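K.L.:
Need the 3D shape of this:
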Amino acid sequence: MNDKISAAILKLKADAEGVVFTGFVTNAHIQPEPSAILTGEVWAHVCADGFGTFGDGHRIETSEIVQIHARGESVWITTQSGSDYGILSFTALGWTYLAAFYQAHHRLDQLPPGSPSFHMPSLPVQTFGLAKKLKDKPKCAYVPLNRNPPKRELLGPQTDKKYMDQMEVFVQGTIETLKRNGVKVTSNKE
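P.N.:
Reported below is the predicted structural model:
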């Protein structure tokens, strides 16, 4: 199962709070004849086993659809066997039956006998009441920044005059010792 499907499952579970899903279907298509059934690829089915039965990505045909539920952008169905299948995606034209069915249900047109019922709860009505006013925060006064212009000088190590004098004495002493021992010493000037 890839991350996209996992994210869609999490969103569907969040929208359908309290529903225990049997599985989730991608590339869903609702076949209206002879009875409304859902077909597609199943994911995270509760009855999946190690032998490939109801394995991820396998084709599934559900039993007859009894109810179609919609909340927010999520859609799921309840079958005659009592299973709830979340629909993660439809085929290219798989949503047409669902859209036509919803329009017919919304207009209260006569539906053929045995058609599933469409359950779409209305959004909660917002009620406006008294609210506590937030405290006004005092605004900070504008204070201009007084910055000194940057200095344009080369930065480097600070020379320690005492240390440099000690090193000069050490170097001269080393050169004198080498000359006494017969080592020929040349300078940069030569």
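K.L.:
What is whichever helix in the chain runs longest packed up against?
P.N.:
As assigned by DSSP state H, the longest helix anywhere in the chain is helix 161-180. Packed against helix 161-180, as judged by 3 or more CB pairs under 8 Å, 6 or more residues apart in numbering; DSSP states H and E, are no other helices or strands. Heads up, the C-betas are built off the backbone N, CA and C, glycines and all.
K.L.:
Mean confidence (pLDDT) on that helix, please.
P.N.:
Helix 161-180 comes out with an average pLDDT of 88.
K.L.:
With only the CA atoms kept, save that helix in CSV.
P.N.:
Taking C-alpha atoms only, helix 161-180 is exported to CSV below (Å, rounded to 0.1, in the frame of the first residue of the first chain):
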residue,chain,number,x,y,z
LYS,A,161,54.7,41.9,20.7
LYS,A,162,56.0,40.1,23.7
TYR,A,163,55.4,36.7,22.1
MET,A,164,57.0,37.8,18.9
ASP,A,165,60.1,39.0,20.7
GLN,A,166,60.4,35.7,22.6
MET,A,167,60.1,33.8,19.3
GLU,A,168,62.8,36.0,17.7
VAL,A,169,65.2,35.2,20.5
PHE,A,170,64.4,31.5,20.3
VAL,A,171,65.0,31.5,16.5
GLN,A,172,68.4,33.3,16.8
GLY,A,173,69.5,30.9,19.6
THR,A,174,68.6,27.9,17.4
ILE,A,175,70.5,29.4,14.4
GLU,A,176,73.6,30.0,16.6
THR,A,177,73.4,26.4,17.9
LEU,A,178,73.2,25.0,14.4
LYS,A,179,76.2,27.0,13.2
ARG,A,180,78.3,25.8,16.2
